[in-house]
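> heads up, no residue letters with this:
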């Protein structure tokens with residue numbers, strides 16, 4: 001088996017991915033609607049499976065990323081994750097990731113959020129694309145704020161390490 005074989009059946013999440021949305025087909029099977037800046041399509045895997053696959057591509061797993069979030073900022077339920085902090089790929093779940101109806105939203109791409117009714121929320125992305133999620137406005141806003149806090153803490157850790165690296169690197173004399 002080649003390494004490419006492990007990745008080819010699933011969609012690759014990139015910095016251009018806006019959302020990974022759970023959808024039921026006419027037979028009640030869960031599929032995933034992938035929304036990107038320039039494309040939209042369906043994939044026959046659950047959103048959390050796609051997220052786990054993306055985490056594994058970058059050397060971890062969904063569970064590992066969730067544990068990292070817990071260690072950094074103490075969030076244990078519906079934890080936001082960084083698929084790859086160097087490319088700004090921070091996503092948050094709309095419900096428990098173990099639930100097949102869980103969707104994942106890219107924090108970086110959100111422009112604003114609109115309340116539609118008590119159980120649904122419209123997310124408007126910077127590109128102008130919109131989706132309606134089956135989650136309350138308060139829940140989505142809470143996830144956005146938790147993801148922002150997590151991003152801030154993780155980005156600060158990374159910056160701190162990079163600054164220490166510059167100080168510790170030997171100076172080359174010519």
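Received, thanks. Not measured: the values here are computed from a predicted model. Numbers count the residues shown, from 1 in each chain.
> can you pull the buried residues of stretch 43-53?
For stretch 43-53, burial by neighbour count (16 or more other Cβ atoms under 10 Å) applies to 43, 45, 46, 47, 48, 49, 50, 51, 52, 53. Heads up, the C-betas are built off the backbone N, CA and C, glycines and all.
> Surely the fifth one is within a helix?
Translated: residue 48. Yes. Counting by DSSP: H, G, I helix; E, B strand; the rest coil, residue 48 is found in a helix.
> circling back to that earlier point, can you tell me which of the buried residues of stretch 43-53 is nearest residue 83?
Taking Cβ to Cβ as the measure, residue 83 lies nearest residue 51 of these, at 7.1 Å.
> what residues are up against the closest residue to residue 24 other than its chain neighbours?
Closest residue in space to residue 24, ignoring its immediate chain neighbours: residue 30 at 6.0 Å, by Cβ to Cβ, 6 or more residues apart in numbering. By Cβ atoms under 8 Å, 6 or more residues apart in numbering, residue 30 lies in contact with 22, 23, 24, 46, 100, 101.
> what would these look like in a markdown table with distance to residue 61, pLDDT and secondary structure?
As requested, these are exported to a markdown table (distance: Cβ to Cβ, whole Å; pLDDT from 0 to 100; DSSP: H, G, I helix; E, B strand; the rest coil):
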| residue | distance to residue 61 | pLDDT | secondary structure |
| --- | --- | --- | --- |
| 22 | 20 | 95 | strand |
| 23 | 24 | 92 | strand |
| 24 | 26 | 86 | strand |
| 46 | 15 | 90 | coil |
| 100 | 18 | 90 | coil |
| 101 | 21 | 90 | coil |
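> Quick one, which of those are buried?
Among these, those classed as buried by 16+ other Cβ under 10 Å are 22, 46, 101.
> Now the residue nearest the centre of the chain. Nearest residue, chain neighbours left out?
By Cα atoms, centre = their mean, the mean C-alpha position of the chain lies nearest to residue 91, the distance being 2.0 Å. Of all residues not flanking residue 91 in the chain, residue 104 sits nearest, at 4.5 Å (Cβ to Cβ, 6+ apart).
> and the helix ranked longest in the chain, what other elements does it pack with?
In the chain, assigned by DSSP state H, the helix with the most residues is helix 137-168. Under the contact definition 3 or more Cβ pairs under 8 Å, 6 or more residues apart in numbering; DSSP states H and E, helix 137-168 sits against helix 62-73, strand 81-84, strand 89-93, strand 110-117, strand 120-125.
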